[in-house]
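>>> how would this look folded up:
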Amino acid sequence: MQLRYLPRLPLSYLHIRPSRQFFGLATKLEMTQASSTNAHRAVAGPVAIGYYRFTDIFFEWHQALPNQADVSPLKALLAYNALVHPDHPLRKQGINGIELYLGTFENGEMRLLFSSAQVEYMRYWLHTVGLTEQLIPIPSLEYLIQPGDLVACSPDVYSDPAVLKKAIKNIDKNNKRLRGSGTLLTSRRFAFEKARTLWAAKLGTWCAMDFEAWDMDHTLLTEFGWSLIRWVDGELVRENGHLIVKEHRSYTQKYVPNHREFYNFGPSEIINKQTFKQRIRDIINKHREMGPLFLVFHDNSQDIKYLKSDAVQAVERLDYILPDSPQKGEIYVVDTADLFAALEGDESNNKRSLERVCRHLQIPTKFLHNAGNDAHYTLDAMMSMASGAPVDQQREQRWPKRTEEDQPKVEFKDWEEDSDFSDMEGVMGPPTAYGVDEP
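Now for the predicted structure:
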């Protein structure tokens, strides 16, 4: 049985988000009693809200059906080609493909999931269009994953059956690689997926910040830069800025480049120390009053010290763990060094520099160690990762076949790691094509 032979359900609410309309409807449905021989897999009872593993629904559900006549319609509806078809009953209006869910468990492993609403809707749809005589039994509650069992859960859309099938295999392969990995990598992966989820929801303001201090005395702040994004009527709005402390302009760096005068994204503002302090506090207070504020840093420890120092005194309390439901007025920390470590699969404490992260993400940079430029590139890096695919899928997309079978860390080429290789391209030519070794 192929999807093209399945009649479409001519109901106006077919493409309404299931979480809004479905649960009230589903509770009115009479649940089919499971046969005693299949009671361990399919049971009757009230609808539970949660998720089911894609593989359990795909491979196991039809085996639990007591009526063999129901098996073929269910298998046809769950076939890879059917799931991505524009006429599939789970297709949402405006979504180019089937929207599934990628859940992350406490041990860092991920699973592709159906929501319980989707599972309920499929059994209802099959019965309504006459492909099953009765509502088929739902999977056993022992297979149900409660929302509290997941540390992160984000939607994932598939429009190609081959891509969907490959995703199942890759998720399983990456889960095997993660077994035995440290808790640091696991926590970084949680943060990565949570950042993706919150970014996709277009919540609040995301503001990257960076300070520069005199490298002979780190209590003397010389610059501050910020780059922020928020949404107005669904449209992305970006703002950048660079402040220079007037009283400290004579202090030049000894160990890092002096790029204070080379801001790439507009004019710098030269202001006194008191105005410098107030401007930073105003930026934070303004945007936390508008909704949740996500402060984005690259290796946050030093910048947060500056925010709390007597020279700025802009924040008192920060949340370092991204929540499911960020609150207006709260400030949350996002660190691109940790996000990139999750992406490359690194469980060490050695954090990449901003220059190297941007190079690996193919973000061109110019005049780093200018606070305004660093903030701008930090936000670029965060957006590049947060707007991409889930962590394991994104890793494979960016650096195909760069991980070993038994560990998730990407093995970069020398020319990717060392900027000196790039400096030599004009003399020796570029390295071998990306991702291709010399014969």
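>>> which residue lies nearest the spatial centre of the protein?
For the chain, the residue whose C-alpha lies nearest the mean C-alpha position (C-alpha atoms, centre = their mean) is residue 196; its distance is 2.1 Å.
>>> can I assume it is in contact with residue 382?
No - under the criterion of C-beta atoms under 8 Å, residue 196 is not in contact with residue 382, lying 10.6 Å apart. Quick note: C-beta positions are derived from backbone N, CA and C, even for glycine.
>>> got a list of contacts for stretch 303-321?
Applying C-beta atoms under 8 Å, 6 or more residues apart in numbering, the external contacts of stretch 303-321 come out as 191, 209-211, 213, 219, 221, 273, 277, 280-281, 284, 295, 297, 330-333.
>>> how long is that stretch from one end to the other?
Using C-alpha to C-alpha, to the nearest Å, the end-to-end distance of stretch 303-321 comes out at 17 Å.
>>> so residue 220 touches residue 251, yeah?
Yes - taking contact to mean C-beta under 8 Å, the distance of 6.1 Å between residue 220 and residue 251 places them in contact.
>>> now the common contact residues for these two.
Contact with both residue 220 and residue 251 is made by residues residue 214, according to C-beta under 8 Å, 6+ apart.
>>> so these two - more neighbours on which side?
With other C-beta atoms under 10 Å as the criterion, residue 220 and residue 251 differ in neighbour count, and residue 251 comes out ahead with 18 against 14.
>>> SS state for the more buried one?
coil (DSSP: H, G, I helix; E, B strand; the rest coil).
>>> quickly note the distance from it to residue 370.
15 Å (C-beta to C-beta, to the nearest Å).
>>> try residue 282
Relative to residue 370, and taking C-beta to C-beta, residue 282 is found at 22 Å.
>>> more neighbours: which of those two?
Each of residue 282 and residue 370 has its neighbours counted (other C-beta under 10 Å); residue 370 has more, 27 against 12.
>>> now that one. Nearest residue, chain neighbours left out?
If the residues on either side of it in the chain are set aside, residue 370 comes closest to residue 259, at 4.2 Å by C-beta to C-beta, 6 or more residues apart in numbering.
>>> the one you found touches residue 369, doesn't it?
Yes - the pair residue 259 and residue 369 qualifies as a contact (C-beta under 8 Å) at a distance of 5.1 Å.
>>> name the SS class of the closest residue to residue 153 other than its chain neighbours, please.
The spatial neighbour of residue 153 that comes closest, neighbours along the chain excluded (C-beta to C-beta, 6+ apart), is residue 103 at 4.6 Å. Per three-state DSSP, the secondary structure class of residue 103 is strand.
>>> count of residues packed around residue 103?
Counted with other C-beta under 10 Å, the neighbours of residue 103 add up to 23.
>>> how far away is it from residue 280?
Following C-beta to C-beta, the distance that separates residue 103 from residue 280 is 38 Å.
>>> same question, residue 146
Residue 146 sits 42 Å away from residue 280 when distances are taken as C-beta to C-beta.
>>> who's more crowded, the two?
Comparing residue 146 with residue 280 by neighbour count (other C-beta under 10 Å), the higher total belongs to residue 280, at 23 against 12.
>>> tell me the secondary structure for the more buried one?
Secondary structure, three-state DSSP: residue 280 is helix.
>>> name the nearest residue to it, sequence neighbours excluded.
On the basis of C-beta to C-beta, 6+ apart, the spatially nearest residue to residue 280 that is not a chain neighbour turns out to be residue 314, at 5.1 Å.
>>> what's the pLDDT at the one you found?
At residue 314, the model reports a pLDDT of 94.
>>> any idea how far residue 114 is from it?
From residue 314 to residue 114 the distance is 44 Å (C-beta to C-beta).
>>> higher neighbour count, those two?
Looking at residue 314 and residue 114 with other C-beta under 10 Å, you find the greater number of neighbours at residue 114, namely 25 against 22.
>>> so the more buried one is in which element?
For residue 114, the element it lies in under DSSP states H and E is strand 110-115.
>>> what is that strand packed up against?
Identification of packing neighbours for strand 110-115 by 3 or more C-beta pairs under 8 Å, 6 or more residues apart in numbering; DSSP states H and E yields strand 51-53, helix 54-55, strand 98-104, helix 161-178.
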